[in-house]
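Enquirer: Sequence first, then the predicted structure, then my questions.
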Amino acid sequence: MSEDRKLTLEDFRAETENLIEVRNLYKWFGIKSGVFQRVTGHVKAVDGVSFKIKAGSTMGLVGESGCGKTTVGRTMLRLYPPTKGEMLYRGQNIYNADGRTMRTLRAKLQMIFQDPYSSLQPRMPVGEIIGEAVREHGLVPENQLREYVLEIMNESGLQPHHIDRYPHEFSGGQRQRICIARSLALGPEFIICDEPVSALDVSIQAQIINLLMDMQEKKKLTYLFISHDLSVVEHISSHVGVMYLGSIVEAGPKEKIFTETLHPYTKALFSAIPIPDPSFEMHRQILQGDIPSPSNPPAGCKFHTRCPECMEICKTEVPEWKEYSEDHFVACHLYDGVGKDAKPIVKKDVAMDTAKKKTAKKEQNKKAKNKE
Ligand SMILES: Nc1ncnc2c1ncn2[C@@H]1O[C@H](COP(=O)(O)OP(=O)(O)OP(=O)(O)O)[C@@H](O)[C@H]1O
Ligand code: SF4
Ligand SMILES: [Mg+2]
């Protein structure tokens with residue numbers, strides 16, 4: 001097949017084990033300056049990211065604010081034009097789809113955002129919001145549309161009388177249900193959920209997560225779940241990818257990422273997860289230094305300016321993306337053989353040591369009290 005041929009809907013029919021595959025994706029935003037608004041640099045928001053998502057599974061994407069999670073999602077769905085790379089759906093690159101095919105693919109590949117209010121038309125009643133795109137795509141005959149919308153609303157936990165109400169008449173959780181219903185109405189196969197519960201009360205978060213999980217089972221959906229909340233990611237995901245400064249530094253099955261954590265950045269991130277046990281002493285690892293700018297990322301390993309395990313080699317050589325154990329990938333010189341004999345040059349786990357000392361001190365105090 002010629003590289004230049006635009007792909008049609010027929011090309012996206014194949015059954016594939018990985019419904020989604022992202023290959024070496026880059027999204028750089030130009031920085032313009034001066035009177036002539038010349039591009040003088042780039043924000044490297046997504047800087048060579050690759051991953052696969054099996055049909056029917058959920059991949060969680062985690063990382064600090066500004067590391068590029070939303071940009072990955074938006075670029076995958078062509079809401080931003082990619083700088084470089086491929087986004088395969090059913091084995092074919094959607095960036096090569098012709099315009100008509102892309103419109104149809106938009107129904108199959110959806111995105112749900114953090115702030116449900118700003119993504120809902122304030123002057124449209126709920127029935128219209130959910131039914132509008134269904135009508136545009138001609139998915140249901142006009143005389144069955146209302147019935148169809150009511151059915152989707154019911155599945156999404158909305159009441160029939162909500163159909164004629166406006167977004168401002170709903171709570172945050174109900175608005176997110178409307179957004180989910182609008183997506184489901186188009187019969188999607190893949191949904192990118194970008195912080196879908198971060199703006200909601202904790203009590204409502206669980207309801208929305210349960211709705212997403214129920215719908216996944218019922219409709220065999222595949223998710224990319226973007227979140228700051230590691231406990232939520234652990235609950236909903238089967239696989240997890242950890243992002244730092246535009247790159248994925250560790251990825252693999254959830255159990256391995258949470259229990260056999262490899263990358264020093266992932267370890268620091270996970271050390272902040274609260275444990276609901278008052279007797280448990282938190283060993284939170286506080287990373288030193290600020291997050292470097294994505295327009296001027298550090299040479300070598302991008303994490304080396306903050307890494308407690310940093311070695312001399314980390315400052316100059318980019319670590320290779322390696323499969324450490326089955327399906328568990330990491331980019332770090334501690335595991336690629338290159339840095340096997342090198343010694344850390346930064347004092348290791350200062351925060352960890354302090355926490356351990358605190359625990360020892362408490363134990364001593366306890367013993368002293370018991371003696372008294
Ligand atoms: N449209 C844009 N133009 C220029 N820079 C952008 C644009 N969108 C995002 N960026 C920059 O790209 C980087 C990644 O942003 P992004 O929103 O993807 O991060 P994020 O991981 O989703 O953060 P958060 O957790 O806060 O939502 C940031 O430095 C951001 O300032
Ligand atoms: S490559 Fe070096 S600096 Fe980067 S995470 Fe590994 S040990 Fe730390
Ligand atoms: Mg974001």
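Expert: Good, I have the coordinates. Ligands and ions are numbered 1, 2, ... in the order given.
Enquirer: contacts and neighbour counts: CA atoms only from here.
Expert: Will do.
Enquirer: so Gly300 makes contact with Met311?
Expert: No: with contact defined as Cα atoms under 8 Å, Gly300 does not reach Met311; the gap is 10.8 Å.
Enquirer: more crowded one of these two?
Expert: Met311 (19 against 15; other Cα atoms under 10 Å).
Enquirer: Quick check, pLDDT for that one.
Expert: You'll see Met311 listed with a pLDDT of 94.
Enquirer: now Phe36
Expert: pLDDT recorded at Phe36 is 89.
Enquirer: Kindly report the same for Met352.
Expert: Confidence score, pLDDT, at Met352: 43.
Enquirer: how about the helices of this protein, start to end?
Expert: Secondary structure of the chain (DSSP state H): helices located at 69-76, 99-108, 126-136, 145-155, 172-184, 202-219, 230-236, 254-259, 264-270, 350-371.
Enquirer: Buried residues in the third one, which are they?
Expert: Think helix 126-136. For helix 126-136, the neighbour count (16 or more other Cα atoms under 10 Å) marks 126-134 as buried.
Enquirer: What of the second one?
Expert: Applying a neighbour-count criterion of 16+ other Cα under 10 Å, the buried positions in helix 99-108 are 101-102, 105, 107-108.
Enquirer: Any chance of the residues you listed in CSV with pLDDT as columns?
Expert: Putting the buried residues of helix 99-108 into CSV (pLDDT from 0 to 100) gives the following:
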residue, pLDDT
Thr101, 97
Met102, 97
Leu105, 97
Ala107, 97
Lys108, 97
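Enquirer: which one of those sits closest to Ser325?
Expert: Lowest distance from Ser325 to the buried residues of helix 99-108 (Cα to Cα) belongs to Lys108, with 33.1 Å.
Enquirer: Contacts only, for that closest one.
Expert: Residues near Lys108 by Cα atoms under 8 Å, 6 or more residues apart in numbering: 186-190.
Enquirer: and with 6 Å instead?
Expert: Contact analysis of Lys108 by Cα atoms under 6 Å, 6 or more residues apart in numbering lists 188-189.
Enquirer: just the one 5 residues further on next, same as before
Expert: Residues counted as contacts of Phe113 (Cα under 6 Å, 6+ apart) are 194, 196.
Enquirer: go again using 10 Å as the cut-off
Expert: 70, 119, 176, 179-180, 192-198, 226 (Cα atoms under 10 Å, 6 or more residues apart in numbering).
Enquirer: which one in those residues is the model shakiest on?
Expert: Comparing the contacts of Phe113 by pLDDT, Ser119 comes last, at 83.
Enquirer: wait, Gln174 sits on Leu120?
Expert: No: using Cα atoms under 10 Å as the test, Gln174 is too far from Leu120 to be in contact (11.9 Å).
Enquirer: what is in contact with those two at once?
Expert: Common neighbours of Gln174 and Leu120 are listed as Pro167 (criterion: Cα under 10 Å, 6+ apart).
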